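[1] turn this into a model:
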Amino acid sequence: MDELVADVVIVGFGAAGACAALEAADAGADVVIVERFAGGGASAVSGGVVYAGGGTGQQQEAGVDDSVDAMYDYLRLEAGDVVSEKTLRRFCEGSREMITWLEGNGVPFEGSLCPYKTSYPSDEHYLYYSGSEAAGGFRDAANPAPRGHRVKGPGTSGKMLMTRLAEAVRRRGIRVLSQTRVRSLITEQGVVTGLVADTLRDAPASVKARHGRLARYSAKPGIYVPALRKPLHRRVERLERAHARELRITARRGVVLAAGGFIANRGMVREHAPAYRGGLPLGTAADDGSGIRMGVEAGGATAELGRISAWRFVTPPSAFLGGIIVDAGGRRIIDESRYGAAVGERLIERHDGQGWLLVDAPIVAEARRDGAKQSQWFQGLQLRFLLRRGRVTGATVEEAAHKAGVDPQGLRASVEAYHGAEDPMGKPAEFARRLDNPPFSLIDVSVRPNLGYPTPMLTLGGLVVDEDTGAVRDAEGAPIKGLYAAGRTAVGICSRSYVSGLSLADCVFSGRRAGINSALAQGVLDKNENVF
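    Predicted structure coming up:
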């Protein structure tokens, strides 16, 4: 059996793992990253949005007035008590520095403000309202501001984020052991001292090349076509079984679990969140819960495993915000200006995943006019699907309801209430529209398997960690010596409620926390001193 030794060993090379490695190395630690594939993880296939505020350089460039208090007040409503007030305050106070730190590591941002509300902006804009800040019920409690900082890059920007972080890792001389699957942690007298893995590092070049291709195709386009991912991943596993060799890695100071969530593990999803079926797993095959499993085997506690973010966006185009989303009884579901995860949760938890968007002729015309310029390519395809195959029309609201299988009287009542002086759901007047002009359309926005209009999902829960150090806690709340967790392997800022950019921001926050505290462990600092 081969052996390696390092001060800090990090499992996973997504955003959390990369940030942990950079901070650990900058603190003087000898660092090894262990990565099953080539690196990037779910972060590389994400939109590359980092939630930040309080007056970042990009907000100032765009003329946006924001404060730490306003950011905190909004996130307190979203996050609830999933983390302490102290931790959330620290996250908000460090938000501007976080963007500066990322920029210092080569990650580009820009203050080009998106002038309309959208789920993800076109390549003309890189700062936008990425959550429910401007929605009813939030804007009165917290001064709204756009805080979605999209990494500057074409298309979905997660690839650019991870490219630049990987370059920063290489500049530090950090060792990256790719194509290596961690099997288990090594624990000695209650202390995590390393791990056992299976690696392809000594396999023939042709095997490693084939493994890399299959893993890459499994991630994309496999993320969009789950039926393609499964057979590709089975071939990956066959190569690993046939050619991998066992490797033992000793960690002098600590192991950081940053191996992603468990959305690719359908068994765990069924166990913890059985209502969340029919979605598109947002992640890679490595998001199989292995990091969480290893933490549990070492004595770690878990929380929020039943929390899954399911995205049901109706924008772009922004015109669709003027419609109303109803259930099979024709009843309104939610303020349509809320973030798409709030819409998805309401559909799944209260309406068995069924929902329709009612719009009239002017809204459809506006959607056709603005759809292309407001959309990324995949959003344009979804809009085309919705207007062609996902829509029924009628000369009256009742006729459209009959065709869609929605209760006509219930829908008519919802329309009349929507036309009142104040929207019953609290949608701000700037987004509300009268639905008066036929033909009327009901667009099916239900959550179910659908390549034309998928519902991306990711898991939010994980290992419970000490909020000052990132150390994994056991069932009694005591930290497990030598073991840390970050990103979606751990409970974090976004584990109760997700808005775009909050998971990546938490990956940076928690990754840096775990990296620096693991590097400075074992008596270098007083155990009660917070170093992040």
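[2] what about Gly173, neighbour count?
    Other residues near Gly173 number 9, with proximity taken as other CB atoms under 10 Å. Heads up, the C-betas are built off the backbone N, CA and C, glycines and all.
[3] swap in Arg90?
    Residues lying near Arg90 (other CB under 10 Å) number 18.
[4] quick check: phi and psi at it.
    Dihedral angles of Arg90 (phi, psi; degrees, to the nearest 10) stand at phi -60, psi -40.
[5] Pro362 belongs to a strand?
    No - counting by DSSP: H, G, I helix; E, B strand; the rest coil, Pro362 is not part of a strand but helix.
[6] what's near enough to touch it?
    If you count contacts by CB atoms under 8 Å, 6 or more residues apart in numbering, Pro362 has them with Arg433, Asn437.
[7] now the strands for the stretch 301-450 of the chain?
    Taking DSSP state E, counting those that start in this stretch, the strands of the stretch 301-450 of the chain run over residues 302-303, 308-310, 324-326, 356-359, 391-394, 440-444.
[8] now the stretch 101-250 of the chain
    Taking DSSP E, counting those that start in this stretch to define them, one finds strands in the stretch 101-250 of the chain at 127-128, 148-150, 175-177, 180-188, 191-199, 245-257.
[9] that older thread, tell me which of the strands of the stretch 301-450 of the chain lies nearest to Arg201.
    Distance to Arg201, taken as CB to CB, is lowest for strand 302-303 among those, at 31.6 Å.
[10] who touches that closest one?
    Contact with strand 302-303 is made by Ile292, Gly295, Val296, Gly461, Gly462, Leu463, Val464, Val491, Ser495, as judged by CB under 8 Å, 6+ apart.
[11] farthest-separated two in these?
    The largest distance within the contacts of strand 302-303, taken as CB to CB, falls between Val296 and Ser495 and amounts to 16.3 Å.
[12] what about these two, which has more around it?
    Ranked by neighbour count (other CB under 10 Å), Val296 and Ser495 place Ser495 first, with 25 against 14.
[13] helix, strand, or coil at that one?
    Three-state assignment for Ser495 (three-state DSSP): coil.
[14] residue contacts, it?
    Here Ser495 is in contact with Val82, Ala303, Glu304, Arg307, Leu460, Gly461, Gly462 (CB under 8 Å, 6+ apart).
[15] closest one to Gly131 out of the residues you listed, please.
    Nearest to Gly131 among the contacts of Ser495, with distances taken as CB to CB, is Leu460, at 14.6 Å.
[16] how about the contacts made by that closest one?
    Gly261, Glu304, Arg307, Ile308, Ser309, Arg488, Cys494, Ser495, Arg496, Tyr498, Ser503.
[17] hmm, Val82 and the second one touching each other?
    Yes - taking contacts as CB atoms under 8 Å, Glu304 lies within contact range of Val82: 6.7 Å.
[18] which residue packs closest to Glu103, ignoring adjacent ones?
    Once flanking residues are discounted, Glu103 sits nearest to Phe109: 6.5 Å by CB to CB, 6 or more residues apart in numbering.
[19] residues near Gly131, how many?
    27.
[20] same check on Gly267?
    By other CB under 10 Å, the residues close to Gly267 number 10.
[21] which element follows the helix or strand that contains it toward the C-terminus?
    Under the criterion of DSSP states H and E, Gly267 resides in helix 266-272. Counting by DSSP H and E, the next helix or strand C-terminal to helix 266-272 is strand 280-281.
[22] helices or strands up against that next one?
    Applying 3 or more CB pairs under 8 Å, 6 or more residues apart in numbering; DSSP states H and E, one finds that strand 280-281 contacts strand 456-459.
[23] against which helices or strands is the next helix or strand after the strand it packs on packed?
    Beyond strand 456-459 on the C-terminal side, the first helix or strand identified by DSSP H and E is strand 462-463. Counting contacts by 3+ CB pairs under 8 Å, 6+ apart, strand 462-463 packs against helix 290-297, strand 302-303.
[24] run through who's touching the first one.
    In other words, helix 290-297. 11-12, 182, 184-185, 195, 257-262, 302, 462-463, 472, 483, 485, 489.
[25] again, only this time at 6 Å
    Applying CB atoms under 6 Å, 6 or more residues apart in numbering, the contact partners of helix 290-297 are Leu185, Leu257, Ala259, Gly462, Leu463, Val472, Ala485, Thr489.
[26] now pLDDT and distance to Ala27 too, for the contacts of strand 302-303, in JSON lines please.
    Shown next, in JSON lines, are these (pLDDT from 0 to 100; distance: CB to CB, whole Å):
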{"residue": "Ile292", "pLDDT": "98", "distance to Ala27": "26"}
{"residue": "Gly295", "pLDDT": "98", "distance to Ala27": "23"}
{"residue": "Val296", "pLDDT": "98", "distance to Ala27": "28"}
{"residue": "Gly461", "pLDDT": "98", "distance to Ala27": "29"}
{"residue": "Gly462", "pLDDT": "98", "distance to Ala27": "24"}
{"residue": "Leu463", "pLDDT": "98", "distance to Ala27": "22"}
{"residue": "Val464", "pLDDT": "98", "distance to Ala27": "24"}
{"residue": "Val491", "pLDDT": "98", "distance to Ala27": "24"}
{"residue": "Ser495", "pLDDT": "97", "distance to Ala27": "26"}
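[27] among those residues, name the buried ones.
    Buried subset of those (neighbour count, 16 or more other CB atoms under 10 Å): Ile292, Gly295, Gly461, Gly462, Leu463, Val464, Val491, Ser495.
[28] just the residues you listed now: which is nearest Pro479?
    Set against Pro479, the nearest of those by CB to CB is Val464 (10.1 Å).
[29] need the contact list for Tyr74.
    For Tyr74, the contacting residues are Glu133, Ala142, by CB under 6 Å, 6+ apart.
[30] so it belongs to a strand, correct?
    No - looking at Tyr74 with three-state DSSP, it is helix, so not inside a strand.
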